[in-house]
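>>> Fold the following, please.
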Amino acid sequence: MIFKIVSLFLVGMGVLAMFGKLKVPGAKQIADKRCPKCKRFRIGKGPCPCKTKG
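Predicted structure coming up:
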């Protein structure tokens with residue numbers, strides 16, 4: 001009985017690990033929309049607000 005529970009747990013953890021390694025479509029495009037300095041999202045075509053504060 002214990003062996004069955006442990007084996008099901010390990011299989012479940014393996015399935016979760018496989019889903020964790022999947023690539024999300026569009027993740028690269030979302031990462032490109034962030035400012036490299038402050039990591040906030042840039043909205044529009046202008047510069048990031050962290051560069052226009054001074």
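>>> I'd like to check which residues are in contact with residue 40.
Residues counted as contacts of residue 40 (CB atoms under 8 Å, 6 or more residues apart in numbering) are 34, 48-50. C-beta coordinates here come from the backbone N, C-alpha and C atoms, glycine included.
>>> Look up how far residue 6 lies from it.
45 Å (CB to CB, to the nearest Å).
>>> try residue 48
51 Å.
>>> Between these two, tell me which one has more neighbours.
For residue 48 and residue 6, the more surrounded residue by other CB atoms under 10 Å is residue 48, and the numbers stand at 17 against 10.
>>> Please give me every residue in contact with that one.
Contacts of residue 48 (CB under 8 Å, 6+ apart): 35, 37-38, 40, 42.
>>> in this structure, what spans have low per-residue confidence?
Applying pLDDT under 70 to the chain flags the ranges 53-54.
>>> ranges for the helices of it?
2-20, 27-32 (DSSP state H).
>>> thinking again about what came up before, may I ask which two of the contacts of residue 48 are separated the most?
Largest separation among those by CB to CB: 37 and 42, giving 10.7 Å.
>>> Between these two, which has more neighbouring residues?
residue 42 (16 against 9).
>>> so the more buried one touches residue 30, yeah?
No: the pair formed by residue 42 and residue 30 falls short of the contact definition of CB atoms under 8 Å, at 11.5 Å.
>>> Pull the contacting residues for residue 46.
Counted by CB under 8 Å, 6+ apart, residue 46 has contacts residue 52.
>>> Got phi/psi on it?
Note on residue 46: its backbone torsions stand at phi -80, psi 180 [degrees, to the nearest 10].
>>> and it, how far is that from residue 10?
Counting by CB to CB - residue 46 and residue 10 are separated by 51 Å.
>>> Which residues are in contact with residue 11?
So residue 11 contacts nothing (CB under 8 Å, 6+ apart).
>>> And it, how far from residue 21?
From residue 11 to residue 21 the distance is 16 Å (CB to CB).
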